[in-house]
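> build me a model:
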Amino acid sequence: MSSGARPDELGAFLKARRADLSPQTAGLSESGGRRRVPGLRREEVAALAAISTDYYTRLEQGRMQASAPVLNTLARVLHLDDDQRTYMFQLAGRLSDRPARRAVQKAQPRLQRLLDDLATIPGIILGRRMDILAWNPLAAALVADFSSIPEKHRNYIRLVFTDPKMRELYADWRNVAHTCVAQLRMEAARDPDNPRLTTLVGELSVQDADFRRWWAAHHVATRGVGTKTLRHPVVGELTLDWDTLAATTDTDQQLVVWSAEPGSPSHDALRILASWANAPASAPTDTSTDTDRSLPG
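Next comes the predicted model:
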């Protein structure tokens, strides 16, 4: 922190920008009640920035010095333009250099080839933050057409928490969702200043009380192996084992595959789905809206 910091002015600036930002612009749902203050509430800004309300309140009151990562996050949450962002950093007495942008993550070619050759096993390639990078036809037949989901929303944990159909798909949704949070918490420890991860955590914290409570519990888990029971709308209940294959050329990617015991009803159901997946004209029809459904894992 330099001697040029002006915490009182920074607090006033943050308060003004918060008042200018509508809940709709910030991506928050309408609560239906009357707001006593214009724009966002302090607790909403804090949740979107994945910081405590007390911390943010102290910033607005000029009693806290913000770190550069927090300032970067607040610039995104408050939708600051370049001039406003520079001004905010000047008030904080910090350099305003933007962090280097990471290249958009793409599926590793070797993992993609392996995924493409899995005709009777559903598979998905997960990247940083549980972003869905690729999937095969059987994975689409099992859950949804992921190509119809906007790329920015094509994220596994986001869909688990925001799509009500995930609660129908998973027989034990709470355990699945809690495990996802623990896995994301582990990833956050490896890359704590990742702005897209911070955005994801902030949005889910605002939207879902379970996510908010589990994230605060700091439970952690790695992505390895397990068994899940799914209630598929067409072929019924399936018990599938899932395994994770890591890419040695990119440790930020894993191929997650699902399989069933040979000769079991679940194995037979997967073979039926595979035949439909390889014959689009015969694909099963589900009349529900599947554009926001996620994969089991």
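> and Gln105, helix, strand or coil?
Per DSSP: H, G, I helix; E, B strand; the rest coil, the local secondary structure of Gln105 is coil.
> please enumerate the helices of this protein.
Listed in chain order, the helices of the chain (DSSP state H) span residues 7-20, 42-48, 53-60, 68-77, 82-92, 109-116, 137-142, 156-162, 164-169, 173-190, 195-207, 209-217, 265-277.
> hey, which helix or strand in this structure has the poorest pLDDT?
The helix or strand of the chain with the poorest confidence is helix 82-92; it has a mean of 84 (mean pLDDT, DSSP states H and E).
> buried residues, that one. List them.
The neighbour-count criterion (16 or more other C-beta atoms under 10 Å) identifies Arg85, Tyr87, Met88, Phe89, Gln90, Leu91, Ala92 as the buried residues of helix 82-92. To be clear about C-beta, it is placed using only N, CA and C from the backbone, and glycine gets the same treatment.
> likewise for stretch 251-261?
Buried-residue list, stretch 251-261, by 16+ other C-beta under 10 Å: Asp252, Gln253, Gln254, Leu255, Val256, Val257, Trp258, Ser259, Ala260.
> stretch 240-250 too?
Across stretch 240-250, burial judged by 16+ other C-beta under 10 Å covers Leu240, Trp242, Asp243, Ala247, Asp250.
> ok, those vs Ala269, which is closest?
Taking C-beta to C-beta as the measure, Leu240 is the one of these closest to Ala269, at 9.5 Å.
> show me what contacts that closest one?
Contact partners of Leu240, counting by C-beta atoms under 8 Å, 6 or more residues apart in numbering, are Thr227, Lys228, Thr229, Leu230, Trp258, Ser259, Ala260, Ser266, Leu270, Pro296.
> and the gap between it and Gln61?
Counting by C-beta to C-beta, to the nearest Å, the separation of Leu240 from Gln61 is 52 Å.
> contact partners of stretch 171-179?
Outside stretch 171-179, the residues that touch it by C-beta under 8 Å, 6+ apart are 160-161, 166-167, 170, 210-211, 214, 219, 221, 226, 228-231, 237, 296-297.
> buried by neighbour count, from these: which ones?
For the contacts of stretch 171-179, a burial check counting by 16+ other C-beta under 10 Å picks out Val160, Phe161, Met166, Tyr170, Phe211, Trp214, Gly226, Lys228, Leu230, Pro296, Gly297.
> lowest-confidence entry in these?
Lowest-confidence member of the buried ones among the contacts of stretch 171-179: Pro296, scoring 38 (pLDDT).
> out of the buried residues of helix 82-92, which is nearest to Ala49?
Met88 (13.1 Å).
> was I right about that closest one contacting Arg76?
No - with contact defined as C-beta atoms under 8 Å, Met88 and Arg76 do not form a contacting pair (11.6 Å).
> what about Leu111, how many neighbours?
21 (other C-beta atoms under 10 Å).
> residues contacting it?
Ile125, Ala134, Leu245, Ala247, Gln253, Leu255.
> and the two most separated of these?
In terms of C-beta to C-beta, the contacts of Leu111 reach their longest pairwise distance at Ala134 and Leu245, which sit 13.1 Å apart.
> per-residue confidence at the nearest residue to Ala269 once chain neighbours are set aside?
Leaving aside its sequence neighbours, Ala269 sits nearest to Val235 (C-beta to C-beta, 6 or more residues apart in numbering; 4.0 Å). According to the prediction, Val235 has pLDDT 91.
> Val235 contacts Ile272, correct?
Yes - Val235 sits in contact with Ile272 when judged by C-beta under 8 Å, with a separation of 5.9 Å.
> between the two ends of stretch 236-255, how far is it?
Stretch 236-255 has its terminal residues 25 Å apart, counting by C-alpha to C-alpha, to the nearest Å.
> any weak-confidence spans in this protein?
Counting by pLDDT under 70, the chain has low-confidence residues at 1-4, 30-34, 95-102, 280-297.
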